[in-house]
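Q: my questions are about this predicted structure, shown below with the sequence.
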Amino acid sequence: QVQLVESGGGLVQPGGSLRLSCATSGFTFINYAMSWYREAPGGGRELVATITSRGGSTRYADSVRGRFTISRDNAKNLVYLQMNSLEPEDTAVYYCNAQHSLYKVQYWGQGTQVTVSS
């Protein structure tokens, strides 16, 4: 059974930091690129960051580049999103996504809420 379980969300003040984690199981983690998406109220799902299957390359949305860092631990089947200098505009539900590097197979987590507010 495939599982992606996000954690680490919460309420933080502007300028603060959070670290999201995504624990995965049920698929061969190293064969999948991992991404974080987010969905703000009234908005669509936006790609935030992606890391390739072996971690050699990362990509970021312009809105988070320089503030967020995606990383993965292939030994523990975990992916992280370190979020610094958070802004109210970063408020959203953050989703973990696994995309097979060759085939059109992908999995989603259930999401974790991040709220940036004073």
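A: That came in fine, so what should we check first?

Q: dig out what the most centrally placed residue in the chain forms beta bridges with.
A: Geometric centre of the chain, nearest residue: W36, 2.6 Å, by CA atoms, centre = their mean. With DSSP bridges as the criterion, W36 is bridged to A49, C96.

Q: please name the residues that touch it.
A: Applying CB atoms under 8 Å, 6 or more residues apart in numbering, we find W36 in contact with 20, 22, 48-50, 70, 79, 81, 94-97. Every C-beta, even on glycine, is put in place using the N, C-alpha and C of the backbone.

Q: just S117 next, same as before
A: 11, 13-14, 88, 91.

Q: R54 too?
A: R54 touches 30, 74, counting by CB under 8 Å, 6+ apart.

Q: give me phi/psi at it?
A: Dihedral pair for R54: phi -100, psi 10, per degrees, to the nearest 10.

Q: show me what contacts R45?
A: 37-39, 95.

Q: pull out the buried residues from these.
A: 37-38, 95 (16 or more other CB atoms under 10 Å).

Q: pipe the contacts of S117 into JSON lines and attach neighbour count per row.
A: Output for these, formatted as JSON lines (neighbours: other CB atoms under 10 Å):
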{"residue": "L11", "neighbour count": "12"}
{"residue": "Q13", "neighbour count": "10"}
{"residue": "P14", "neighbour count": "13"}
{"residue": "P88", "neighbour count": "11"}
{"residue": "T91", "neighbour count": "17"}
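
Q: residues in contact with stretch 79-92?
A: 12, 14-22, 24, 34, 36, 38-41, 43, 46, 48-49, 51, 63-64, 67-73, 94, 96, 114-117.

Q: which positions in that stretch come out as buried?
A: 79-81, 83, 86, 90-92.

Q: kindly check the end-to-end length of it for me.
A: Start-to-end span of stretch 79-92 (CA to CA, to the nearest Å) is 18 Å.

Q: for it, the distance to its chain's centre please.
A: Relative to its chain's centre, stretch 79-92 lies at 10 Å (CA atoms, centre = their mean, to the nearest Å).

Q: same check, this time on stretch 68-79
A: 10 Å.
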